[in-house]
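Peer 1: What would the 3D arrangement of this be:
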Amino acid sequence: METPVALSLAARTPRLDDRPLEKRIGLVILATDHTTEVDFRRLVASDRIGVYVARIPYANPVTPENLRAMQPSLTAAAGLILPDETLDVVMYSCTSASVIIGDKEIAAAIEAAKPGAAVVTPTAAAVEGLRTLGARRISVLTPYTIETSQPMADYFAALGFEIDRFTCLGLSDDREMARIAPEEIVAFAKEAMAPESDALFISCTAVRAAGVIGEIETAIGKPVVSSNYATAWACLRLCGDQEARPRLGRLMALPLKGEWP
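Peer 2: Numbers count the residues shown, from 1 in each chain. A predicted model of the protein is given here:
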């Protein structure tokens, strides 16, 4: 029979830091999302900034009705991210649903669970990014159907942007949107950009556009903003990270102007 291992209690308790990391970003993402966590791990997470994720139910196809159906889950999902602890920023990662549900409605639902956190949506971040770049006339590329894209066109037009060209790829499954090859994103972006536009916006958090922003900007000679690229920029700036990263695209070299919406 083996002799039991003797256990002893340390003579003192360990000193605890206030937080494991200085800043906390919560992501509320779709159950089907392949892309947001990967982009935020590459663009945002660091020894200073932690990124924490909750997934919410979502059922394809991407239609206004299915997008709107996520709204009741937002408060509970935000509350599951480090329960009873504060977050600095919460980002809801669905561009088309942000249009359908509304930026203010999403903010209210998340603030109910995480009061005091700045709330970021891809649409609000894209608008802020485009304005920071000085863009008034834009071209837009979406992976969606025309039915799902129309509210987005109305959203940007209502905020004062002139849309020179709006291109839809006609997909209705966000898992397929996540499989669009990066070189195809670049090719379609070049076709989608109207010469008279000040900038190009590529919609959808599923689309892997954030990793090829610099390549597209070089090809078209104009600034490019994508959903995850814009939210990553906004989250970094809201967490006090002002480092210019021009290699990642023009917006990543700029500060956030004024107060967050």
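Peer 1: V207 touches L169, doesn't it?
Peer 2: No. Look at V207 against L169 with Cβ atoms under 8 Å: they stay out of range, at 9.1 Å. The C-beta positions use only the backbone N, C-alpha and C, and glycine is treated the same way.
Peer 1: From the neighbour counts alone, determine which of those two ranks first.
Peer 2: V207 (26 against 19; other Cβ atoms under 10 Å).
Peer 1: Using the three-state scheme, assign that one.
Peer 2: coil (DSSP: H, G, I helix; E, B strand; the rest coil).
Peer 1: In the stretch 1-150 of the chain, where is pLDDT below threshold?
Peer 2: Counting by pLDDT under 70, the stretch 1-150 of the chain shows low-confidence ranges at 1.
Peer 1: what about 90?
Peer 2: 1-4 (pLDDT under 90).
Peer 1: Spell out which helix or strand contains R24, please.
Peer 2: strand 23-30 (DSSP states H and E).
Peer 1: the inter-axis angle of the very next helix or strand once past that strand versus strand 23-30?
Peer 2: Sequence order places helix 36-43 as the next helix or strand after strand 23-30, per DSSP H and E. Counting by axes from the mean of the first three to the mean of the last three Cα atoms, to 10 degrees, helix 36-43 lies at 150 degrees to strand 23-30.
Peer 1: The helix or strand just after helix 36-43 pairs with which strands?
Peer 2: Of the helices and strands lying after helix 36-43 in sequence (DSSP H and E), the nearest is strand 49-56. Applying DSSP bridges, strand 49-56 is found paired with strand 23-30 (parallel).
Peer 1: Which parts of this protein are helices?
Peer 2: According to DSSP state H, the chain carries its helices in the segments 36-43, 64-68, 74-79, 95-101, 103-111, 122-132, 146-158, 174-177, 182-192, 213-220, 227-238.
Peer 1: Can you add distance to G26 and mean neighbour count and give these back as JSON lines?
Peer 2: Shown next, in JSON lines, are the helices of the chain (distance: least, Cβ to Cβ, whole Å; neighbours: other Cβ atoms under 10 Å):
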{"stretch": "helix 36-43", "distance to G26": "11", "mean neighbour count": "18"}
{"stretch": "helix 64-68", "distance to G26": "20", "mean neighbour count": "15"}
{"stretch": "helix 74-79", "distance to G26": "6", "mean neighbour count": "20"}
{"stretch": "helix 95-101", "distance to G26": "16", "mean neighbour count": "25"}
{"stretch": "helix 103-111", "distance to G26": "8", "mean neighbour count": "19"}
{"stretch": "helix 122-132", "distance to G26": "15", "mean neighbour count": "25"}
{"stretch": "helix 146-158", "distance to G26": "24", "mean neighbour count": "17"}
{"stretch": "helix 174-177", "distance to G26": "21", "mean neighbour count": "19"}
{"stretch": "helix 182-192", "distance to G26": "27", "mean neighbour count": "16"}
{"stretch": "helix 213-220", "distance to G26": "24", "mean neighbour count": "18"}
{"stretch": "helix 227-238", "distance to G26": "10", "mean neighbour count": "27"}
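Peer 1: Now tabulate the ones you listed in a markdown table and tack on distance to V140.
Peer 2: Shown next, in a markdown table, are the helices of the chain (distance: least, Cβ to Cβ, whole Å):
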| stretch | distance to V140 |
| --- | --- |
| helix 36-43 | 20 |
| helix 64-68 | 17 |
| helix 74-79 | 25 |
| helix 95-101 | 11 |
| helix 103-111 | 17 |
| helix 122-132 | 10 |
| helix 146-158 | 7 |
| helix 174-177 | 15 |
| helix 182-192 | 7 |
| helix 213-220 | 14 |
| helix 227-238 | 11 |
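Peer 1: closest to I202 out of those helices?
Peer 2: helix 182-192 (6.3 Å; Cβ to Cβ).
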